[in-house]
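> what shape does this take:
(one chain, ligands or ions: 2)
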Amino acid sequence: MAVYTHLAAEDLAALIAAYDVGELVSAKGIAEGVSNSNWLVETTAGRFILTMYERRIETSDLPFFLGLLDHLSERGCPVPRTIHDRGGAAFRHVNGKAVALIEFLPGVSVDHPTPEQARAVGAALAKTHLAAADFIPARANALDISHSARALAGCGDDALAAIDPALPEAARIAGQLANDWPRDLPEAICHTDLFPDNVLMLGDRVTGMIDFYFACTEAMAYDLAVTHAAWAFDLAGERHAPEIGTALVEGYQSVRPLAAEERAALPLLAQGACLRFVASRTEDWIATPADALVTRKDPMAFVRRLHFYESAGQTAFE
Ligand SMILES: Nc1ncnc2c1ncn2[C@@H]1O[C@H](COP(=O)(O)OP(=O)(O)O)[C@@H](O)[C@H]1O
Ligand SMILES: N[C@@H](CCOP(=O)(O)O)C(=O)O
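Ligands and ions are numbered 1, 2, ... in the order given. Below you'll find the model as predicted:
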């Protein structure tokens with residue numbers, strides 16, 4: 001579920017009246033997602049997504065995230081633009097919480113991508129990297145490898161082993177990788193969470209890239225590594241799908257060829273990408289009671305991918 005807050009009908013109507021988007025017709029809570037509350041809003045002028053920021057997002061970061069959506073959308077990327085209110089503001093507050101009205105994009109998230117779809121996702125990712133080149137604001141990656149290493153170490157070996165006996169070893173690998181991390185790869189504003197549920201597709205076409213709320217200044221090859229780890233496996237991380245990974249990298253390179261040092265770094269970047277999700281999933285696992293309404297995501301699905309990238313090396317990307 002992802003509607004954490006009840007919005008009274010009169011609050012909703014007053015909010016929509018602040019925008020030049022016609023009259024409110026209906027608003028339905030959207031079940032997908034875990035971080036924010038989302039509603040599909042219909043007005044006499046069309047459909048919109050209303051997002052209420054609930055967890056992990058600092059209001060001070062909203063101008064960056066929402067400005068980025070507008071920047072990428074203006075440059076032809078399939079990214080929803082922000083609807084600004086009559087006073088020009090990109091976000092407002094309702095009952096003390098920040099909310100934004102976002103363009104609705106068509107499409108569905110695929111569960112079992114084909115190579116053609118993965119190719120299109122790779123190309124769309126590379127286009128956002130190029131289109132973000134003249135986006136001036138910067139934002140550090142709060143979930144970089146040093147953070148993952150600290151977060152896992154902070155859980156303590158006993159708590160990690162209680163989830164799975166293999167987790168303490170993953171924490172040690174994170175500490176090692178934080179020391180070996182490449183620092184000089186070309187950077188851009190990166191999505192850093194481009195999982196299948198953050199991509200909307202119609203057939204082989206990417207119609208929407210959403211949920212830019214982890215976007216930050218990062219190595220572009222790291223963003224490709226995150227996307228590879230998110231797309232080129234089954235959900236449990238047990239089966240690598242080489243045809244998906246290959247198509248993804250080919251699609252990326254059809255728009256932005258990788259430099260030799262970026263290609264060479266991919267296996268290590270992919271291990272770091274896995275550890276970013278091992279760390280956040282482990283923290284959530286410990287913080288969320290087993291009977292909570294939100295389904296906990298399994299950190300071990302990314303420990304398996306981590307070990308795959310360790311042993312496969314460069315062959316994971318061929
Ligand atoms: N711009 C959009 N156009 C169409 N659907 C959207 C849009 N933004 C979000 N959604 C829908 O809302 C769901 C949750 O959005 P998401 O941003 O992933 O939430 P969360 O940040 O909580 O994970 C998505 O899976 C999608 O179905
Ligand atoms: N993609 C991450 C979770 C991030 O949550 P999101 O719903 O905001 O994309 C994971 O799979 O661990």
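
> ligand 2 contacts on the chain?
G33, V34, S35, D193, F195, N198, D211, F277, S280, R281, K297 (Cβ under 6 Å from any ligand atom). Using the backbone N, CA and C atoms, a C-beta is placed for each residue, glycine as well.

> low-confidence bits of the stretch 201-318 of the chain, can you list those?
Low-confidence segments of the stretch 201-318 of the chain (pLDDT under 70): 292-293.

> the longest helix seen in the chain packs against which elements?
Counting by DSSP state H, the longest helix found in the chain is helix 260-287. Packing partners of helix 260-287 (3 or more Cβ pairs under 8 Å, 6 or more residues apart in numbering; DSSP states H and E): helix 145-155, helix 157-163, helix 167-180, strand 216-219, helix 220-231, helix 300-312.

> in what helix or strand does the spatially most central residue of the chain lie?
The residue lying closest to the centre of the chain (Cα atoms, centre = their mean) is D193, at 2.3 Å. Per DSSP states H and E, D193 falls between elements, in no helix or strand.

> that one contacts D211, doesn't it?
Yes - here D193 reaches D211: they are 6.4 Å apart, a contact under Cβ atoms under 8 Å.

> hang on, isn't E243 packed against P115?
Yes - between E243 and P115 there is a contact under Cβ under 8 Å: 5.0 Å.

> those two: which has the busier surroundings?
Of the pair E243 and P115, P115 is the one with more neighbours under other Cβ atoms under 10 Å, namely 18 against 13.

> show me what from this structure comes close to ligand 1.
Contact residues, the chain versus ligand 1 (Cβ under 6 Å from any ligand atom): 2, 30, 32-36, 38, 49, 80, 102-105, 197-198, 208, 210-211, 213.

> how far is stretch 261-276 from where the chain is centred?
Centre-to-centre, stretch 261-276 and its host chain are 17 Å apart (Cα atoms, centre = their mean, to the nearest Å).

> still on that earlier bit, buried only: go through the residues of the chain next to ligand 1 for me.
Neighbour counting by 16 or more other Cβ atoms under 10 Å classes 2, 30, 33-36, 38, 49, 80, 102-105, 197-198, 208, 210-211, 213 among the residues of the chain next to ligand 1 as buried.

> so which of those residues are in strands?
N38, I49, I102, E103, G208 (DSSP state E).

> so which of these comes closest to K127?
G208 (13.4 Å; Cβ to Cβ).

> so which of the helices and strands packed on helix 260-287 is the most packed in?
helix 220-231 (a mean of 26; mean count of other Cβ atoms under 10 Å).

> and that one with helix 300-312, angle?
Using axes from the mean of the first three to the mean of the last three Cα atoms, to 10 degrees, the direction of helix 220-231 lies 120 degrees away from that of helix 300-312.

> C-alpha coordinates for the next helix or strand after helix 220-231, PDB please?
Later in the chain than helix 220-231, the nearest helix or strand by DSSP H and E is helix 242-255. Output of helix 242-255 as PDB, limited to C-alpha atoms (Å, rounded to 0.1, in the frame of the first residue of the first chain):
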ATOM      1  CA  PRO A 242      22.200 -12.400 -19.800                       C
ATOM      2  CA  GLU A 243      20.100 -11.500 -22.900                       C
ATOM      3  CA  ILE A 244      18.500  -8.700 -20.800                       C
ATOM      4  CA  GLY A 245      21.700  -7.300 -19.500                       C
ATOM      5  CA  THR A 246      23.400  -7.400 -22.900                       C
ATOM      6  CA  ALA A 247      20.500  -5.600 -24.500                       C
ATOM      7  CA  LEU A 248      20.400  -3.000 -21.800                       C
ATOM      8  CA  VAL A 249      24.100  -2.200 -22.200                       C
ATOM      9  CA  GLU A 250      23.800  -2.200 -26.000                       C
ATOM     10  CA  GLY A 251      20.800   0.200 -25.800                       C
ATOM     11  CA  TYR A 252      22.800   2.500 -23.500                       C
ATOM     12  CA  GLN A 253      25.800   2.500 -25.800                       C
ATOM     13  CA  SER A 254      23.600   3.200 -28.800                       C
ATOM     14  CA  VAL A 255      23.200   6.600 -27.300                       C
END
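
> how big is the angle separating helix 242-255 from helix 260-287?
Going by the same axes, to 10 degrees, helix 242-255 makes 130 degrees with helix 260-287.

> tell me the buried residues in helix 242-255?
Buried, per 16+ other Cβ under 10 Å, within helix 242-255: I244, G245, T246, A247, L248, V249, G251, Y252.

> the last one reaches A120, doesn't it?
No - between Y252 and A120 there is no contact under Cβ under 8 Å: 10.6 Å.

> since we're on E10, how many residues are nearby?
8.

> in space, what's closest to F91 - neighbours in sequence excluded?
Nearest residue to F91, sequence neighbours excluded (Cβ to Cβ, 6 or more residues apart in numbering): A100, at 4.4 Å.
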